[in-house]
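Novice: I'd like to go over a predicted model; first the sequence, then the structure.
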4 protein chains.
Amino acid sequence: MSSSYGNNIRLTIFGQSHSKGIGMTLEGIPAGKKIDLEKLDRFMERRAPGRNAYSTSRKEADKPEFLSGVVGDITCGTPITAVIMNTNTRSQDYDILKDIPRPGHADYTGYVKYGENRDYTGGGHFSGRLTAPLCIAGGIVLQLLKEKGIYVFSRIASIGGVKDEGNLVDCCLKDVDEGRAAGRTIINNPGAEGDFPTISEEQGEKMKALIAEKKAEGDSVGGVVECAVFGVPAGVGDPMFDGIENRIAQIIFGIPAVKGLEFGNGFDAAGLTGSQNNDSFYIDDRTGTKEVKTKTNNCGGILGGITNGMPVTFRVAFKPTPSIAKEQDSVNLSTMEETKLIVPGRHDPCIVPRAVPCVEAAAALAIYDALNLGV
Amino acid sequence: MSSSYGNNIRLTIFGQSHSKGIGMTLEGIPAGKKIDLEKLDRFMERRAPGRNAYSTSRKEADKPEFLSGVVGDITCGTPITAVIMNTNTRSQDYDILKDIPRPGHADYTGYVKYGENRDYTGGGHFSGRLTAPLCIAGGIVLQLLKEKGIYVFSRIASIGGVKDEGNLVDCCLKDVDEGRAAGRTIINNPGAEGDFPTISEEQGEKMKALIAEKKAEGDSVGGVVECAVFGVPAGVGDPMFDGIENRIAQIIFGIPAVKGLEFGNGFDAAGLTGSQNNDSFYIDDRTGTKEVKTKTNNCGGILGGITNGMPVTFRVAFKPTPSIAKEQDSVNLSTMEETKLIVPGRHDPCIVPRAVPCVEAAAALAIYDALNLGV
Amino acid sequence: MSSSYGNNIRLTIFGQSHSKGIGMTLEGIPAGKKIDLEKLDRFMERRAPGRNAYSTSRKEADKPEFLSGVVGDITCGTPITAVIMNTNTRSQDYDILKDIPRPGHADYTGYVKYGENRDYTGGGHFSGRLTAPLCIAGGIVLQLLKEKGIYVFSRIASIGGVKDEGNLVDCCLKDVDEGRAAGRTIINNPGAEGDFPTISEEQGEKMKALIAEKKAEGDSVGGVVECAVFGVPAGVGDPMFDGIENRIAQIIFGIPAVKGLEFGNGFDAAGLTGSQNNDSFYIDDRTGTKEVKTKTNNCGGILGGITNGMPVTFRVAFKPTPSIAKEQDSVNLSTMEETKLIVPGRHDPCIVPRAVPCVEAAAALAIYDALNLGV
Amino acid sequence: MSSSYGNNIRLTIFGQSHSKGIGMTLEGIPAGKKIDLEKLDRFMERRAPGRNAYSTSRKEADKPEFLSGVVGDITCGTPITAVIMNTNTRSQDYDILKDIPRPGHADYTGYVKYGENRDYTGGGHFSGRLTAPLCIAGGIVLQLLKEKGIYVFSRIASIGGVKDEGNLVDCCLKDVDEGRAAGRTIINNPGAEGDFPTISEEQGEKMKALIAEKKAEGDSVGGVVECAVFGVPAGVGDPMFDGIENRIAQIIFGIPAVKGLEFGNGFDAAGLTGSQNNDSFYIDDRTGTKEVKTKTNNCGGILGGITNGMPVTFRVAFKPTPSIAKEQDSVNLSTMEETKLIVPGRHDPCIVPRAVPCVEAAAALAIYDALNLGV
């Protein structure tokens, strides 16, 4: 089913941007797990809008209310449902969109699929707002993974043409080794405090400047998020259609605005030779126990769909926010005439910083599902 | 399940490289469809090894034998199973691989997952050979799609650093408009005859030269396949986790050696602004009926997971064949000592030309599944 | 997933008896369908407790609140979520049950599966209360089926040893033919008003008397519900594991207390010969169009998992309510000693009358799913 | 998908009665399991036709040929496919059935669903012959369950009106306790040797006589199979739609001719009171370890969909074989006229004895799937 994900756990997401509420049901989580609700709120905040200059000024209290699946803050083994009631919605902003689809949004495709009765306000079920329930589920699962020594890190790899510097895995490994693993975005850049995670503070500032520039122009800009999952044991995942790549892909492309995904060397591998791209094996006996490792990690920790014990690494391409202040060419679906459109409402000039926790949530759910930990 | 794909149809692939047979079961195909077996054989041949200088010299008669689901060459509505019995296998080539995993292959991850009893010969279930059943299923579905005016085209976009020229969609649209749509790779390059499909014959020759060069060096090289699906009506696909992108991703990453996937502008979109990347709408009334179209197709024909009526376009990154003739560093899993390995057997210096029909097969299966045509 | 049902639609049920709320998400319902909320409330009332002498005195306002999937009372194509917030729960009634499982309930099995942290209050996720969300989903789908000329009828076939008289299908067919089809339980017994549907008023009174007698004894009694679905076209359902019988079975056994299910002649067929049990064909041309029909309907409208156009008929056995006022033998799971238990709380002396709409809801969902009507 | 079953394992069955071959793919079986092929053959023989007076005289060599998933007779972790090539088919027997559906068979419903191009010969995909692949999969899984101390026993509970005597569980428990558990039908009746398993040899002879009598009359007769699964640990199964009852039901109704299913007291429970039907708990410390048990097993070992550690018991109603030698009323689908039909071919006067291993296979697959043992 379209709004559900998972084989061993099952996540179902419901809601529209301006419906009474949005939320998620997560089946398959064992009983007896304490959910640190305060930590979950902090994770949700990383996705929340209205926190700074480069996101929308719309404020939302994205605080999940748990209807079931927990007794107090302890899971009881049956489906966990959490909802966020919608407030601060300005539906009238969207009246013009009933007939005039926004370029780059799902307004037109939703119209073709669901017809007159679709919920077009605020993007309906296609809204980026639906990543809030994704982050509830992902935030819970990130806590469970950490118990097992599995950490998900990510960074903004680029915004527009501005690229971050440094190597995500090396940077995070230091954290992991030093026991500072926060299970969240990298902390090499103290100023970022997680809401604009780059390795190079300088490049981060350039990215912010680019976003501000595009915002001033009434435009928007895209970017790339890089993610690394540490601590996944070797042997996780399945051949063919349920490999780790397939599983991550199925959920990552569920985040609005994602248009590309690559693992390890990804598209760069297409330009390499086998002798350059193959990861040579060696024996690591630093811990006294001989372990098979690879000298490089060009495969992103996955071969044949199955983890090899190295960090799982991937990059996700986000297109620029389609909602821009500039006038655009659209059509009136009622009169079938061409028309100009200025998209109403308040929007992020760059979705990427808020997308970072969504990528982490998606990665965590995919890995957790593949681990098949049972109820 | 790992070796199954689909919601409305279900493809199950079985077999190992050197098992008695390999094959597929395809459920959900309506009764009364004639399968053009001769055409299917020709499609299979495009994937078959041993046809030319840039593929392995191993010859296989990849002719599917239908056990069920057809009466003669007409489908009867119940599961279609076709098998290819394995011949010309030289398992002894692989004895050395029992203990020594090949870098870049799933030998080590398969060992961790399945242990001593995995089938390591020829890559087992992870072998590229398992794309033959994928092509049986895809070849059938390509025929059914063509009945509905849906055509899948593809080309080699690059090999190593050598890029093809021209625009795939423009090139194919001409074919479609002129009624020459063969439902296979583009035919602008007559010399290619489908087994090395590029738009620029010159660039194609350069690619072949690069492959030959790497082969001579005992090395291999990767590449990118670009694919376009024409004729998919608007409104196909579902929001969130069953969008067209998610569905294509889940099956494409099932093809061995795929490490990246992007739709429309893909990773390039991350470097653009909204005003550059949004696809403006216009009214197309050339046929007398007013239709909504977009001036550009930066979104690859998909918004919110749902098709907009424009061609569905995507690119797939293939890593270089991991089997190379050069000596590599590996380990002995039995003794846990480092060792050198020269991979035995005959292998493709570049998998990309043979991967083209696999990409088409995968795309066809994903689109057909999303159409939910019933039995 | 355990709390989800369906292939073409997907129902997910969440909540525990005493959690903050219970509810359901229903995916796969087309856009543009008006839900008659008043009619839905009336359907829910048939399941609600506290309405009469033979059900529990506990009162609940089982009014669904729609969070998503509708705009006003019109579906918009994306997941429909409705919740019922729990009120009037007396959790302290259940303190004794933390360590002492009630015979006949899932207290012990839930303890083994989920451990100390299960939600034992009121039966948790196993409670009959969870049939309320089932009825929300079923009530919606019953309305959609009626649009297509498909009606679900049912009756209490027996309570304890007291059997109803008459033939359900004949009785309902008259209603259908006379256009009085209410899409709900049969109305031959005017006094019953749907909340105690039997064909024979006299037998119905005997059943009620038996329930009252058992209640007075501090005991409970079981019964059988018979259901018939009219108007399902021939050709619905699939061979083997997704036949109409399989689909109905999978959802019917999700209703607590169900221990048996039979279609058409069911267990009686095991005592018959082929010549007695086979349904002979004939041509029905009363309407001017020749139609294939069967003289009898011993198969319950299903052959090979696929409907034949005759009414789909089945019977469901409900065990007696396990909560009784009598003292019972149990064990203390903490001390592992045997103990006596008097089950606290208020309970139905017979669950069957309230189970009737649940059976209809389940049947409707199974049939609707099999119809694969798309979004 | 219709011909697939399972969540944690996945069984896919393919083939038609008279297609080139029939078979099954079983995904999700761990690597390194030895399949005792000789034992599997003996299990298959119990289902095979032509062995005695009360089954069809048609002989088939139902010997599975393994194409994949094994190396020698050891599983390798990837999909196991086995096929049986069809021989000794007399398709011309069925020419008359192209237009004239057999009463009680799926001929007509298959015609409506699949149209002219269905495979009507021998019942096509609906044939009882398709239980051979079910038994391959079940036979494998029965061996794996036995390793874990889980045994499946069954008996013919009745044929026509003739009932067996004795209690299946008591009878089998003695076998289990005495270490004679053969993992197959009960052996209290030495004469039966597994192919006509009853507890009472005398009643068994009466049943055989009844079958012979009906055969002589050109008629057939139905019956009931009772099954008990020993050794399933408490806590297996899931609430609501994936309970053990739901899972067994979904696969059991996939066996042709099944029309009813009940667990524990089943339909009898509907006539009982709570104080009669509830299973009281006690502490069993015979082994030195205190265990929670129930004095009776009226619930059939399942409460809330989850096992309680007692034997899982259920009964399955089989209708009489619809193929009888007597003339029957049918219709000609081509001319839409009524006609008489004498069904050609050789058929079982009673399917029940051959259905016994099918029930065991189905039970084993359902339990194994619920155990979620991983790959």
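Specialist: That came through fine.

Novice: For residue A:249, give its distance to residue A:262.
Specialist: Here the distance between residue A:249 and residue A:262 works out to 10 Å (Cβ to Cβ, to the nearest Å). Every residue, glycine included, has its C-beta placed from N, CA and C.

Novice: shared neighbours of the two, anything?
Specialist: Counting by Cβ atoms under 8 Å, 6 or more residues apart in numbering or on different chains, the shared contacts of residue A:249 and residue A:262 are residue B:261.

Novice: which helices and strands does the strand or helix carrying residue A:26 pack with?
Specialist: Counting by DSSP states H and E, the element that carries residue A:26 is strand A:21-27. In terms of contacts (3 or more Cβ pairs under 8 Å, 6 or more residues apart in numbering or on different chains; DSSP states H and E), strand A:21-27 is packed against strand A:10-14, strand A:80-85, helix A:131-147, strand C:10-14, strand C:65-68.

Novice: Quick one: closest of these to residue A:111.
Specialist: Residue A:111 sits nearest to strand C:65-68 of all these, at 18.8 Å, using Cβ to Cβ.

Novice: Could you identify the helix or strand that succeeds that closest one?
Specialist: On the C-terminal side of strand C:65-68, the nearest following helix or strand under DSSP H and E is strand C:70-71.

Novice: Can you give the strand pairings for that next one, parallel or anti for each?
Specialist: Partners of strand C:70-71 in the sheet, by DSSP bridges, are strand C:74-75 (antiparallel).

Novice: Show which residues not belonging to the partner strand make contact with it.
Specialist: If you take Cβ under 8 Å, 6+ apart as the criterion, strand C:74-75 is touched by A:117, C:29-35, C:69.

Novice: what's the farthest-apart pair in these?
Specialist: Set against one another by Cβ to Cβ, the contacts of strand C:74-75 have their most distant pair in C:34 and C:69, with a gap of 13.1 Å.

Novice: Which one of the two is surrounded by more residues?
Specialist: Residue environment comparison for residue C:34 versus residue C:69 gives the larger neighbour count to residue C:69, 26 against 13, counting by other Cβ atoms under 10 Å in any protein chain shown.

Novice: Please list all residues in contact with that one.
Specialist: Counting by Cβ under 8 Å, 6+ apart, residue C:69 has contacts A:14, A:16, A:19, C:26, C:29, C:75-76, C:78-81.

Novice: any chance of the contacts of strand C:74-75 in a markdown table, with pLDDT, distance to residue C:233 and secondary structure too?
Specialist: What follows is the contacts of strand C:74-75, written out as a markdown table (pLDDT from 0 to 100; distance: Cβ to Cβ, whole Å; DSSP: H, G, I helix; E, B strand; the rest coil):
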| residue | pLDDT | distance to residue C:233 | secondary structure |
| --- | --- | --- | --- |
| A:117 | 93 | 26 | helix |
| C:29 | 97 | 20 | coil |
| C:30 | 97 | 18 | coil |
| C:31 | 97 | 23 | coil |
| C:32 | 97 | 22 | coil |
| C:33 | 98 | 20 | coil |
| C:34 | 97 | 23 | strand |
| C:35 | 98 | 24 | coil |
| C:69 | 97 | 27 | coil |
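
Novice: Which stretches in the stretch 151-300 of chain A count as helices?
Specialist: A:168-177, A:201-216, A:244-252, A:274-277 (DSSP state H, counting those that start in this stretch).

Novice: and the closest residue to residue A:295 other than its chain neighbours, how many neighbours does it have?
Specialist: Once flanking residues are discounted, residue A:295 sits nearest to residue A:280: 4.8 Å by Cβ to Cβ, 6 or more residues apart in numbering or on different chains. Residue A:280 sits with 17 neighbouring residues when counted by other Cβ under 10 Å.

Novice: Dihedrals phi and psi, residue A:280?
Specialist: Reported as degrees, to the nearest 10, the phi and psi values for residue A:280 are phi -70, psi 140.

Novice: How many residues are close by the residue in the stretch 151-300 of chain A that chain D sits nearest to?
Specialist: Residue nearest to chain D within the stretch 151-300 of chain A (Cβ to the nearest Cβ): residue A:239, separated by 6.5 Å. Here the neighbour count serves as a burial measure; for residue A:239 (other Cβ under 10 Å) it reads 28.

Novice: now the one 4 residues further on
Specialist: Burial of residue A:243, expressed as a neighbour count using other Cβ under 10 Å, amounts to 30.

Novice: got a list of what the closest residue to it other than its chain neighbours touches?
Specialist: Spatial nearest neighbour of residue A:243, excluding adjacent residues (Cβ to Cβ, 6+ apart): residue A:305 at 2.0 Å. Contacts of residue A:305 were listed using Cβ under 8 Å, 6+ apart, and they are A:237-240, A:242-246, B:2, B:106, B:253-254.

Novice: which of the residues you listed are buried?
Specialist: Neighbour-count burial within the contacts of residue A:305 applies to A:237-240, A:242-246, B:2, B:106, B:253-254; the criterion is 16 or more other Cβ atoms under 10 Å in any protein chain shown.

Novice: wait, which of those residues is closest to chain C?
Specialist: Distance to chain C, by Cβ to the nearest Cβ, is smallest for residue A:242 among those, at 15.7 Å.

Novice: distance of the spatially closest residue to the closest one that is not a sequence neighbour from residue B:246?
Specialist: Nearest-residue entry for residue A:242: residue B:2, 4.0 Å, with adjacent residues in sequence omitted and distances by Cβ to Cβ, 6+ apart. Computed with Cβ to Cβ, the distance linking residue B:2 and residue B:246 is 17 Å.

Novice: Now for the nearest residue to residue A:298 once chain neighbours are set aside: which residues touch it?
Specialist: With Cβ to Cβ, 6+ apart as the measure, residue A:265 is the residue that lies nearest to residue A:298, at 4.5 Å, once sequence neighbours are left out. Residue A:265 is in contact with A:272, A:277, A:298-300, B:259, B:319, counting by Cβ under 8 Å, 6+ apart.

Novice: swap the cut-off to 10 Å and go again
Specialist: Shown here is residue A:265, whose contacts under the criterion Cβ atoms under 10 Å, 6 or more residues apart in numbering or on different chains are A:271-272, A:276-277, A:279, A:296-300, A:313, B:222, B:259-260, B:317, B:319.

Novice: Just the residues you listed: which are in strands?
Specialist: Within the contacts of residue A:265, membership in strands is found for A:313, B:259-260, B:317, as judged by DSSP state E.

Novice: re earlier: OK, contacts around the residue of the stretch 151-300 of chain A closest to chain D?
Specialist: Each residue near residue A:239 by Cβ under 10 Å, 6+ apart is listed here: A:246, A:304-306, B:2-3, B:13, B:106, B:109-110, B:113-114, B:124-126, B:130, B:254, B:256, D:77-79, D:375.
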